[in-house]
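# Kindly return the folded structure for what I paste below:
(2 chains)
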Amino acid sequence: MQKLLLAVDKLSTVVGQAFSWLILALTLMISWEVFSRYAMDNPHPWAFDVMSMMYGTLFMTAGAYTLSKNGHVRGDVLYGFFPPRLQAGLDLALYILFFIPGVVAMAWAGYNFAAESWAINEHSNITANGPPVYPFKTVIPIAGAILLAQGLVEIVRCIVCLKQGEWPSRGQDVEEVDVEKLKEMVHVKDEDIAKLDEYVIHPKGSHP
Amino acid sequence: MKKEVWFGLSIMAMVVIAAFVLLPSPSQMTNGHLGLLMLALVVVAIMLGFPTAFTLMGMGMVFAWIAYRSQNPGLAVQQTLDLMVQRTYSVMSNDVLISIPLFVFMGYLIERANLIEKLFKSMHLATARVPGSLAVATIITCAIFATATGIVGAVVTLMGLLALPAMLRAGYSVQLSAGAITAGGCLGILIPPSVMLIVYGATAGVSVVKLYAGAFFPGIMLASLYVLYVVVLAKWKPHLAPPMSEEDRRVPLPPFAEIVSTSISNKVLPGLIGAIKGKRNAAVPMRELVNHLVIAVLPALVVALIMGAIYLKVTAPLPPETVEGVVAMGGGISDSAEDEAPGVGGLAEPEEAGGLQPLPAEAGTPEATAKSPVEEVKTTEAQAPAAVPEAAVQERQPAPTSFWIGLVSCAVALALFYAYFSFARLEIFKMLLGSFFPLAMMILAVLGTIVFGVATPTEAAAMGSLGGILLAAAYRRLNMQVMRESVYLTAKTSAMVCWLFVGSSIFSAAFALLGGQEIINTWVLSMNMTPVQFMILAQVVIFLLGWPLEWTEIIVIFMPIFIPLLPHFGIDPLFFGLLVALNLQTAFLSPPVAMAAFYLKGVSPPHVTLNQIFAGMLPFMAIQVFAIFLLYQFPAIGMWLPEMLYK
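Purely as a prediction, here's the structure:
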């Protein structure tokens, strides 16, 4: 069971990480476009469309990846203090109540939306001769489907947690605030921090 | 159960009770009341801890379906599906939100360039003479670093590792140290380029450019208020922040400087020139002397270039309406630079001057901002002479008196600066050159291009990211791992914010369909409030919401409710946004859910308690409230710049 969970995690992660490189492409592309426009006086009419397609694809495909790393923002005023079983129960209920219907509807609607766009061979109308839009619209059902798969995995996780009383493990990933890494970066060791305690307990002025 | 749980439960209970008291019985319920019920339910559901984006999406879908069904049961499902996909697609192709991943990416790259250690050290030496110097240096470092990165958690953690030990060792009180770190770390949310302002702009339909222009001075004001508080406190109660000892303050000089300063002159300019021209000590290599002389005259060079560029602009025979804005701005800032210089001491002057430097470069050559700050200096140098012959061909206009006044005051400031420019200060200046100036210049370059309309926020953000890559490369921190981590983190953070937008736009569509907005409008209008009362009410509500909810949730869910009310009271959404941004800052510092405190607790010595940290944050929170009051009393602090630039 744990293997299957991690396999789906892996899928979301691989897809999300692969598309996350779009940010680098986006940076370089816009920089080039600005250079091209100001320095070489040669703006590209398709640039605007391509920019928004890159950005849209980036965040849509990263949705499942973020979910698999538990990265979506939660109101954790209360949640953080609940015991794991209560957390899992609440999550399970809300996954079934909100997540599954919402994401299924989005993926399904997205499928029709994209199919329509393919059928009429839709091109962007922001500029004349805009680039094709249908691949971009196809991102919605694809992202929705991966998100749904990841959501089902999260539901299984909730059930496992309800049974075992603790959360099953997740795949490792880079974290925004990785204290150990930051300590290494600025060359601070745990002993140094512990040593500081004497200053806290005996402030300098009160030394004999 | 812990008190936090009770706190949360009581808020939840209050919301539910309020919903029951205010709403009519089910038989008389209209769609509008359903909308209000939905709003109450969503607050409760968010507090249950489910990922907010999906809570909003699911709830929005259900209520949108109810709204459509009441009009036309046959089409309800199809209409709901259409609404969802349209809303999703509009977020995907939103041209404001696109700068979020780019700014986030820039932040992660800069964070990983590991400038903060150098930055803190050099700031601390530069401010050594100010009372409470370590805390002042902490706040300034935080402000700059947090502005460039925008990541509260990382900044507070890093400063907790660097500044907290330094302050504790120097005998600072735990409360003051903790307060300075947490308050400073949160400044990045307000001072542009911040993601919060983009989110507000996208939600409220206010131009991000104007928001950036507007938030700049309130952000600086808040940082200065913090510094002022620390300085006053350190003067008033020295035992809380003892001054640094002579040996801590001493800057180690390189060998050649020791020789020159003892044998010729302690002042940099006479010392170096004397050493180069006159008889030299054998131990001092010529190369080093010349290198240092070049560094030493940099401030003068920069000022000369700026004044030269301004002179060209002022006297250039261009159509007056395009010139006015740029020229007046340049003059305005350089004047303010002069005003501030004496207060902070000799060293502050070149910082301001250095900060100004990108502006003329942009005015003339926008592409200069694409390059790293170091290259930028070269570009300016190359561009300024190039511009001379071209402009000189045409008839020149006489420069206004204000220009000459500015020139003279610049010269006086420079003369003062060089009069006090000792070799120890040269060392500090070199350190600042390696840490403070690249960051400050990057921020100002990004902001400058946006605010002066040279580039769109998206373009400036992309340039900023490129600058971040170059910065990381310049500090030899750019490798595959750093790149990969930054890219992945960017994807996750942007997914978090943008999916929240997907959810909230479906939710707010449902709210509008049900007509909840109208009920709130008529209800608020029926109370016959004055604009001031309304403003206070709105800020209090947002402040209270800041406890249980995060700023992203507050902005995307509740701003769409407040914004339509603003025209009734004649309040500018831009000004409202600035107040909200200041207000949400306090949410980061208000116990018991202040994020910053928990990050700091994670890296502080075991005997530092959360209560001490909270106690330290309270005065800074009071300063924030005071800042909101100031901004409200004197809206010009925020509105002056946007009003002048975009009349």
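# Flag every residue of the stretch 451-600 of chain B that's near chain A.
B:455, B:458-459, B:462-463, B:465-466, B:469, B:483-485, B:487-496, B:498-500, B:547-550, B:552-553, B:593, B:599 (C-beta under 8 Å from any C-beta of the partner chain). C-beta: built from backbone N, CA, C; applies to glycine.
# Only whichever of those are buried, select them in ChimeraX.
Entered in ChimeraX, the line below selects the buried ones among those, by 16 or more other C-beta atoms under 10 Å in any protein chain shown:
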select /B:455,458,459,462,463,465,466,469,483,485,487,488,489,490,491,492,493,494,495,496,498,499,500,547,548,549,550,552,553,593,599
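# Among the residues of the stretch 451-600 of chain B next to chain A, which ones are in strands?
The members of those all map outside strands under DSSP state E.
# Could you pull out the buried residues of stretch B:506-522?
Here stretch B:506-522 shows B:506-517, B:519-520 as buried, counting by 16+ other C-beta under 10 Å.
# what's the closest non-adjacent residue to B:A202?
Nearest non-adjacent residue to B:A202, counting by C-beta to C-beta, 6 or more residues apart in numbering or on different chains: B:V96, 4.3 Å away.
# Could you tell me whether the one you found really is in a helix?
No. Counting by DSSP: H, G, I helix; E, B strand; the rest coil, B:V96 falls outside a helix, being coil.
# neighbours of it, just the number please.
Using other C-beta atoms under 10 Å in any protein chain shown, B:V96 is surrounded by 18 other residues.
# quick one: A:R37 from A:P43, how far?
4 Å (C-beta to C-beta, to the nearest Å).
# Please identify which of these two sits among more neighbours.
When A:R37 and A:P43 are compared for neighbours, A:R37 comes out ahead with 17 against 13, by other C-beta under 10 Å.
# just checking, what packs against the stretch of helix or strand the more buried one belongs to?
In the assignment (DSSP states H and E), A:R37 maps to helix A:22-38. The contact analysis (3 or more C-beta pairs under 8 Å, 6 or more residues apart in numbering or on different chains; DSSP states H and E) places helix A:22-38 against helix A:47-68, helix B:99-112, helix B:457-474, helix B:480-514.
# give me the low-pLDDT residue ranges for the stretch 1-150 of chain B?
B:1-4, B:25-28 (pLDDT under 70).
# Now do the helices in it.
B:3-22, B:31-47, B:52-71, B:76-92, B:99-112, B:116-126, B:133-149 (DSSP state H, counting those that start in this stretch).
# Over to chain A?
Counting by DSSP state H, chain A has these helices, from start to end: A:2-20, A:22-38, A:47-68, A:76-79, A:84-94, A:100-119, A:134-164, A:179-185, A:190-195, A:197-201.
# Let's have those helices in CSV, adding distance to B:L37 and mean pLDDT.
Formatted as CSV, those follow (distance: least, C-beta to C-beta, whole Å; pLDDT from 0 to 100):
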stretch, distance to B:L37, mean pLDDT
helix A:2-20, 34, 86
helix A:22-38, 40, 89
helix A:47-68, 28, 90
helix A:76-79, 21, 77
helix A:84-94, 18, 88
helix A:100-119, 19, 90
helix A:134-164, 26, 90
helix A:179-185, 42, 81
helix A:190-195, 50, 79
helix A:197-201, 50, 77
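# Quick check: which of those is buried the most?
Comparing the helices of chain A by mean neighbour count (mean count of other C-beta atoms under 10 Å in any protein chain shown), helix A:47-68 ranks first with a mean of 25.
# and the angle for that one with helix A:100-119?
Orientation of helix A:47-68 against helix A:100-119 (axes from the mean of the first three to the mean of the last three C-alpha atoms, to 10 degrees) gives an angle of 150 degrees.
# How far does helix A:47-68 sit from its chain's centre?
Offset of helix A:47-68 from its chain centre (C-alpha atoms, centre = their mean, to the nearest Å): 10 Å.
# What helices and strands are in contact with that helix?
Partner elements for helix A:47-68 (3+ C-beta pairs under 8 Å, 6+ apart): helix A:2-20, helix A:22-38, helix A:134-164, helix B:76-92, helix B:99-112, helix B:480-514.
# State the next helix or strand along the chain beyond the last one.
Read that as helix B:480-514. Scanning onward from helix B:480-514 (DSSP H and E), the first element met is helix B:516-526.
# who touches that following helix?
By C-beta atoms under 8 Å, 6 or more residues apart in numbering or on different chains, the list of residues contacting helix B:516-526 from outside reads B:32-36, B:38-39, B:511, B:534, B:561, B:564-565, B:568.
# go on, stretch A:90-105?
A:79, A:82, A:144, A:147-148, A:151, A:154-155, A:158-159, A:162, B:45, B:48-51, B:54-55, B:57-62, B:80-81, B:84.
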